[in-house]
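> give me coordinates for this.
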Amino acid sequence: MTPADLAAVISDGVHLAIQSGRISAEVPEEIRVERPRHRRHGDYSTNVAMQLSKSAGLSARAVAEVLAPLVSAADGVAKAEVAGPGFLNITLENSAIGTLARDIVLAGDAYGRTDRLGGLRLNLEFVSANPTGPVHIGGARWAVVGDVLARLLEAAGADVSREYYFNDAGVQIDRFARSLFAAAHSWPGPEDGYSGAYIEEIAAAVLRRWPGTLELPEAEALAAFRTVGTALMFDEIK
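Residues are numbered from 1 along each chain as shown. Purely as a prediction, here's the structure:
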């Protein structure tokens, strides 16, 4: 039994409670099913009673007490218990958990995939870390989040293009080039520039590739540090 299956079971219980006159309420559009914070509280938890409370004119706990036996009686549910201000903590039967494992194995790569977003084309741009310094943990985190989001959208049937904007122009790259130029001369870096061991390392790498760079006119030398330095930084990012 998946969370979606369990949400359907809970929805059936809500409808039965309304049809039998035990409560009078508006059925929520979405019934949320989540893992409880502590495993001893069951396999899943729902706040559906809190969602129904206002329209039912009852406390959430009173609504939960109506729903608990109805959900407990469903196939695959071992028990549903009222907790706190009106949560329903639900424990599944072992057979229901085993059925889910079987379905996953039988479906293989198709498990969890739908065509809900079929025909939709999306362009997803994420991270695009500026090539003026190493990728920090924040940028790396968003790379993971963005890639996972793209995979989820594809699993739902969407045609997803991933895009990374390589921002290798503008004022920030000028500051980067000037920072490398200063480091190559062992000069203090510009006040608005970049600093750190990586700047010294890249400056040294540029000089190894183009040994005569510092003998060029300043404008040409800066162009060399800009072109080669940005390429080296982007290699590091990749």
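> which helix or which strand is home to Val82?
Assigned by DSSP states H and E, Val82 belongs to strand 77-83.
> ok, Ile90 next?
Per DSSP H and E: strand 87-92 holds Ile90.
> what's the angle from whichever helix or strand comes after that strand to strand 77-83?
Using DSSP H and E, the helix or strand that follows strand 87-92 in sequence is helix 94-107. With axes from the mean of the first three to the mean of the last three Cα atoms, to 10 degrees defining the directions, helix 94-107 sits at 120 degrees from strand 77-83.
> quick one: mean pLDDT for helix 94-107?
Mean pLDDT, helix 94-107: 88.
> same question for stretch 174-183.
So the average pLDDT for stretch 174-183 ends up being 97.
> buried residues in that stretch?
Arg175, Phe176, Ala177, Arg178, Ser179, Leu180, Phe181, Ala182, Ala183 (16 or more other Cβ atoms under 10 Å). For every residue, glycine as well, the C-beta is placed using N, CA and C.
> excluding sequence neighbours, find me the nearest residue to Ala158.
Distances taken as Cβ to Cβ, 6 or more residues apart in numbering put Leu117 closest to Ala158, at 3.9 Å, once the chain neighbours are dropped.
> neighbours of that neighbour, how many?
17 (other Cβ atoms under 10 Å).
> give me the pLDDT value at Arg40.
89.
> the residue nearest to Ala158 belongs to a helix?
No. Leu117 sits outside any helix when classified using DSSP: H, G, I helix; E, B strand; the rest coil, being coil.
> tell me how far it lies from Ser186.
56 Å (Cβ to Cβ, to the nearest Å).
> again with Asp235
Using Cβ to Cβ, Asp235 is found at 24 Å from Ser186.
> what's next to the helix or strand hosting Asp147, contact-wise?
Counting by DSSP H and E, the element that carries Asp147 is helix 137-155. The contact list for helix 137-155 (Cβ atoms under 8 Å, 6 or more residues apart in numbering) reads Gly112, Arg113, Thr114, Leu117, Leu122, Leu124, Phe126, Val127, Ala129, Val135, Val160, Arg162.
> after it, which helix or strand is next?
Assigned by DSSP H and E, the successor of helix 137-155 is strand 159-163.
> return the set of buried residues in that next one.
Of the residues in strand 159-163, Val160 count as buried by neighbour count, 16+ other Cβ under 10 Å.
> then stretch 119-130?
Phe126, Val127, Ala129, Asn130.
> Gly157 is in contact with the residue nearest to Ala158, correct?
Yes. Leu117 is within contact range of Gly157, at 4.5 Å (criterion: Cβ atoms under 8 Å).
> so which residues of this structure form strands?
33-34, 44-46, 77-83, 87-92, 121-125, 159-163 (DSSP state E).
> want to throw those into a markdown table with distance to His15?
What follows is the strands of the chain, written out as a markdown table (distance: least, Cβ to Cβ, whole Å):
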| stretch | distance to His15 |
| --- | --- |
| strand 33-34 | 16 |
| strand 44-46 | 15 |
| strand 77-83 | 16 |
| strand 87-92 | 15 |
| strand 121-125 | 35 |
| strand 159-163 | 37 |
